[in-house]
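>>> The sequence and its predicted three-dimensional model are supplied below.
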Amino acid sequence: MIRHEAAMTSQVSTTTPSQQASGTKLAIILGIAIGVGVFFYFDLGRFLSLDALKSNRDQLLAFTEANYVSAVALFIVVYIAVTGLSLPGAVILTLAGGFLFGSVFGTLFVNIGATTGATLAFLAARYLLRDWVEQKFGSRLGPIQAGFSRNAFNYLMTLRLIPLFPFFLVNMVSGLTRVSLGTYVTATAIGIIPGSFVFAYAGRQLGSINSLQEIASPNVLLAFTLLGLLAMVPILYKKFANKPA
């Protein structure tokens, strides 16, 4: 019995930190793959469309009015899952948030879900990919990493405000940089407020919306772009102010 226990202890002790890390990474990858696979296999995306939202508006509103706290919790959890797994449907969820909870509270709940989900995607990208990327492209990424580290908040604010940059792509690419978690979370939480409010506000007029293009009009996109460029002003100022005369 003693020999058997000693043999088991010896086997356990042979597990190296790198093997444990590899096992953890494999588990994370498997979890992400299962989540994405379930979403597409069961075609859950059909519930995250404008037509589906409009067709079920009465049932959703009735459920929310009867179970407000549960509806809020469920909404935030679903939003976290969609953004954390980089699945399509965040815009429809934002419309639903505005329709069900109002412009202000809808924006608040969207912000909680989107920021949390984006942070999980950021951490997953950092844990799974950053070391490999730095080993393979470290020499070429050095100047980019340095510049991003010095102005991370403004860069992230610009990326969040300008709708040309896909939300999920910013999450993953940011994880490959050396930006601090606190800076990333703060810039994300603040940067997504304008866009979230616009779509949450539009959700209040759900019955009159026939396509998402009606919301994301050229004027709205231009306003977001100008806000994003405004976030770059401090970087440009420092750059030109530090130039020798």
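Thanks, I have the structure now.
>>> Name the SS class of residue 179, please.
coil (DSSP: H, G, I helix; E, B strand; the rest coil).
>>> State the next helix or strand along the chain beyond the longest helix seen in the chain.
Using DSSP state H to assign secondary structure, the helix with the most residues in the chain is helix 17-41. Remark: after helix 17-41, the chain's next helix or strand is helix 50-55, criterion DSSP states H and E.
>>> buried set for that next one?
Judged by neighbour count (16 or more other CB atoms under 10 Å), helix 50-55 contains these buried residues: residue 53. C-beta coordinates here come from the backbone N, C-alpha and C atoms, glycine included.
>>> In space, what's closest to the residue nearest the centre of the chain - neighbours in sequence excluded?
For the chain, the residue nearest the mean C-alpha position is residue 118 (2.4 Å; CA atoms, centre = their mean). Nearest residue to residue 118 in three dimensions, chain neighbours excluded: residue 171, at 4.8 Å (CB to CB, 6 or more residues apart in numbering).
>>> tell me the contacts of the one you found?
83, 86, 118, 121-122, 125 (CB atoms under 8 Å, 6 or more residues apart in numbering).
>>> Also residue 120?
Counting by CB under 8 Å, 6+ apart, residue 120 touches 80, 83-84.
>>> between the residues you listed, which has the most around it?
Highest neighbour count within these, by other CB atoms under 10 Å: residue 83, with 25 neighbours.
>>> was I right about that one contacting residue 89?
No - the pair residue 83 / residue 89 is not scored as a contact, 9.4 Å apart, by CB atoms under 8 Å.
>>> shaky segments in this structure?
The model of the chain has pLDDT under 70 over residues 1-15, 137-147, 207-208, 214, 216-231, 233-245.
>>> can you do 80?
1-15, 17-18, 131-150, 163-165, 207-245 (pLDDT under 80).
>>> quick one: the helices in the chain?
Remark: helices assigned in the chain by DSSP H are 2-13, 17-41, 50-55, 57-66, 68-84, 90-101, 103-125, 131-150, 152-161, 167-175, 181-191, 193-203, 218-231, 233-241.
>>> and of the ones you listed, who's closest to residue 210?
Among the helices of the chain, the nearest to residue 210 by CB to CB is helix 50-55 (8.0 Å).
>>> Now do that closest one: distance to the chain's middle.
24 Å (CA atoms, centre = their mean, to the nearest Å).
>>> for that helix, packing partners?
Applying 3 or more CB pairs under 8 Å, 6 or more residues apart in numbering; DSSP states H and E, we find helix 50-55 packed against helix 90-101.
>>> and the helix it packs on, how far out from the chain's middle?
16 Å.
>>> and what of stretch 170-181?
11 Å.
>>> Please apply the same query to stretch 157-167.
11 Å.
>>> got the CA coordinates for it in PDB?
Below are the C-alpha coordinates for stretch 157-167, written out as PDB (Å, rounded to 0.1, in the frame of the first residue of the first chain):
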ATOM      1  CA  MET A 157     -10.600  54.500 -27.300                       C
ATOM      2  CA  THR A 158     -10.100  55.300 -30.900                       C
ATOM      3  CA  LEU A 159     -10.500  51.600 -31.900                       C
ATOM      4  CA  ARG A 160     -13.700  51.400 -29.800                       C
ATOM      5  CA  LEU A 161     -15.300  54.600 -31.100                       C
ATOM      6  CA  ILE A 162     -14.600  54.100 -34.800                       C
ATOM      7  CA  PRO A 163     -17.000  51.400 -36.100                       C
ATOM      8  CA  LEU A 164     -14.700  50.500 -38.900                       C
ATOM      9  CA  PHE A 165     -12.800  48.100 -36.500                       C
ATOM     10  CA  PRO A 166     -14.700  44.900 -35.600                       C
ATOM     11  CA  PHE A 167     -15.300  44.600 -31.900                       C
END
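>>> Kind regards, and thank you for your time.
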